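Undergrad: pasting a predicted model and its sequence here:
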Amino acid sequence: MSFASSRPTADLPRARVPAADTPPAEKLTGIVAGVVIVAALYLGREVLIPITLSVLLSFVLAPLVLLLQRLWVPKIPAVLLSVITALGVLLVLGGIIGTQIASLSSDLPRYQSTIEHKVASVRSFTSGHLREITNKIGKETSGGGPQATAPTAPDGQKPMPVVVQQPSPTPIHLLQQVLSPIVSPLETIGIVFVVAIFILMQREDLRDRMIRLFGSDDLLRTTAALDDAGSRLGRYFLTQLGINALFGVIIGVGLMLIGVPNPILWGVLGTLLRFVPYVGSAIAAILPIALAAAVDPGWSMVAWAAALFVVTEGAMGQVVEPLVYGHATGLSPVAVIVVAIFWSWIWGPIGLILSTPLTLCLVVMGRHIERLEFLDILLGDRPALTPIESFYQRMLANDDDEMLRQAGTSLKQRSLSSYYDDIVLKGLMLAAADMQRGALLPERAIQINQAVQELVNDLDGHDDLDPSPGATEQPLAGKRREDREVPVTPPPLDTAPARTLLPSHWQGHSPILCVAGRGPLDLAASTMLAQLLKKHAIGARVASHNDVSRETIDTFDVSGIAMICVSYLDLSGNPVRIRGLLRRLRQRIPDVPIMMGLWPASTEGDPRSGAPDDHATDDELRSQIGADFYAGSLAEAVSECVRFAHMEAEASAV
């Protein structure tokens, strides 16, 4: 993001950012709680890892249990049958891996000569250079110091060798050496399956206890959070299992065609290791590529095996997963990397495998629990800022290129008038609200007005048409669509009145005068309205507030004006000035209808926009202002102008 701009900002005074409202004691409590939680995760990993694996296993087996129950299998047999099935799959995979490893170990002596031949060829290729370096080092060090001499025994006697002999191991000691490496994994697996059985049997009771613990006062939100977590985790595990299984099948078949021994082993290991984010597929590729180097006297098999892994992982990571996952997990790509490092530091290799599902649970909690919303902001994939806030931030940062890029992206999903109403105009309202509370200086507001006018000029080549039929209008993030006002869509271009059919006073170059209000941001709104009117075959020109002031109104050119549109971004102030402006316009251009843009009406309920809180305030303003027409959005203003032009055309035809 660039903060450079062609507009000078060095002479502007700096605005202070207000401090957060969170009390220091609450901040300190949050920091202490975070440290305690991390310490508990690290110190209690021996207990927490099996329990976590059990919970995740229950999420995986829950659909199978529900399926068996729908087939009239009682709950307890359904749970036991599901757990036995999972255990059987695990034993089958372990048996396949063990058999393949035993077969591979018996063939290792055959590969030794090939490896020695390749090592010798590599050594001969580099021996010349190494010999030169060794000779050079030897010349530099020869004669440079005393030479070490081997110690000799006194009187020419040879030293007696000393041999340390270990006692013969007992059967119990041999059994301990064999079983100790596998006792701990078997113990963990047993705990995982036992706890998973109880979780599956008591699933409804545990869910009720979680609801009572986290939010019995709001059953709707708590139930939605639990359902969201369950559906996301289940969908994530099933999707990842399918993609990883496809990866293993492709690797196994590809290695079999290439001629690498034991392709089933490498396919199964590829499927399992790919559950480790980012590095799993690379680890799975090391052994089969090394085996290919041991089998083939040349290097073609190595190249084909490496290409197989690179192409398959690239296709899975860049094509298949984005299409299948979409936003199924709801995690930010950067967050996945960070949490993988964090959980591997806390829980080791198991933490690396569990990092994504654990973080997914945290994101779901952040989306449904207000005090944990920071987790969704830091780890989730939803934009941190709404399109309106993002647009306003780009204006504050003087990032014109990013503003134009965002506009191009939005115009693929919405019409030009919808983009102006839903994003640009509301972004200007945020700026107007900041001006009211003194956070935005007038000089900076003038720069924002210039930036928006430059953006409008850059978008002059876009027609005010709806996007293609296959595209849908992009909803605004952070606000439900049914809670915001949908602007009236202007009529298509081909229904706009032809100038030859309009009365004479509508056939001029600019029959509509768009007058900007008193604020520094009103000129940008008038510029947008004039551009939209021209795209609907009605000429328009823009007049600043100074052009129609008391001193200049008498000399202002009013020729060819058939309608006046006044734009104000802030109607919450004194309406006397607005009424005075309309009075001057009526005196200078009598018998011309005036339309008032009530732009704050499109952001009701937004506390940052400075908008009226209810429609009664709008009615009061209308009665005090006294305009002929009112519009709540730019699209509605264009529709009103086109409708009035049609009425004039029909009246002139009669």
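TA: Received it, and whenever you're ready, just let me know what you need. Just so we're clear, the structure is a prediction, and the values are computed from it rather than from any experiment. Numbers count the residues shown, from 1 in each chain.
Undergrad: distance of L379 from A33?
TA: When distance is defined by Cβ to Cβ, to the nearest Å, L379 is 18 Å away from A33. In short, each C-beta sits where N, CA and C put it, glycine included.
Undergrad: show me the shaky parts of the stretch 451-600 of the chain.
TA: Scanning the stretch 451-600 of the chain for pLDDT under 70 picks out 468-505, 507-508, 570-574, 600.
Undergrad: what segments of it are helices?
TA: Under the criterion DSSP state H, counting those that start in this stretch, helices of the stretch 451-600 of the chain are mapped to 522-535, 575-588.
Undergrad: what's the closest of those to L287?
TA: Between L287 and the helices of the stretch 451-600 of the chain, the tightest spacing by Cβ to Cβ is seen for helix 522-535, at 62.7 Å.
Undergrad: could you say what helices and strands that closest one packs with?
TA: Applying 3 or more Cβ pairs under 8 Å, 6 or more residues apart in numbering; DSSP states H and E, we find helix 522-535 packed against helix 416-419, helix 425-436, helix 442-458, strand 512-516, strand 540-543, strand 563-568, helix 634-653.
Undergrad: could you rerun that using 6 Å?
TA: Contact partners of helix 522-535 among helices and strands, from 3 or more Cβ pairs under 6 Å, 6 or more residues apart in numbering; DSSP states H and E: helix 442-458, strand 512-516, strand 540-543, strand 563-568, helix 634-653.
Undergrad: can you list contacts of it?
TA: Helix 522-535 is contacted from outside by 417, 420, 449, 452-453, 456, 463-464, 512, 514, 516, 540, 542, 544, 565, 567-569, 634, 637-638, using Cβ atoms under 6 Å, 6 or more residues apart in numbering.
Undergrad: what's the angle between that helix and helix 442-458?
TA: 10 degrees (axes from the mean of the first three to the mean of the last three Cα atoms, to 10 degrees).
Undergrad: got the buried residues for stretch 290-309?
TA: Going by neighbour count (16 or more other Cβ atoms under 10 Å), the buried part of stretch 290-309 is 291-296, 301-302, 304-305, 308-309.
Undergrad: and if you look at stretch 335-355?
TA: Residues 335-336, 339-340, 342-344, 346-347, 350-355 are the ones in stretch 335-355 that count as buried (16+ other Cβ under 10 Å).
Undergrad: got any ranges where the stretch 51-200 of the chain has weak pLDDT?
TA: Counting by pLDDT under 70, the ranges of the stretch 51-200 of the chain that qualify are 112, 114, 118-183.
Undergrad: just the helices in it please.
TA: Here the stretch 51-200 of the chain has its helices, by DSSP H, counting those that start in this stretch, at 75-106, 108-141, 171-201.
Undergrad: can you name every helix or strand that the host helix or strand of Y236 contacts?
TA: Assigning secondary structure by DSSP states H and E places Y236 in helix 219-258. Here helix 219-258 touches helix 45-70, helix 203-215, helix 263-273, helix 300-315, helix 333-368, going by 3+ Cβ pairs under 6 Å, 6+ apart.
Undergrad: list of residues touching whichever helix or strand comes after the longest one?
TA: I take that to be helix 333-368. Where DSSP H and E defines the elements, the next helix or strand beyond helix 333-368 is helix 373-379. With Cβ under 6 Å, 6+ apart as the test, helix 373-379 has contacts from 335, 359, 362-363, 366-367, 384.
Undergrad: so A627 sits against I594, correct?
TA: Yes. Here A627 reaches I594: they are 4.9 Å apart, a contact under Cβ atoms under 6 Å.
Undergrad: now the host helix or strand of L323 - C-alpha only, PDB.
TA: Take DSSP H and E as the rule and L323 turns out to sit in helix 321-325. Output in PDB follows, covering the C-alpha atoms of helix 321-325 (Å, rounded to 0.1, in the frame of the first residue of the first chain):
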ATOM      1  CA  GLU A 321      -8.000 -26.600  -3.100                       C
ATOM      2  CA  PRO A 322      -9.200 -23.100  -4.100                       C
ATOM      3  CA  LEU A 323     -12.000 -24.500  -6.100                       C
ATOM      4  CA  VAL A 324     -13.100 -27.100  -3.400                       C
ATOM      5  CA  TYR A 325     -12.400 -25.100  -0.300                       C
END
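Undergrad: average pLDDT across it?
TA: In this model, helix 321-325 has a mean pLDDT of 70.
Undergrad: any chance you could list what contacts it?
TA: The contact list for helix 321-325 (Cβ under 6 Å, 6+ apart) reads T239.
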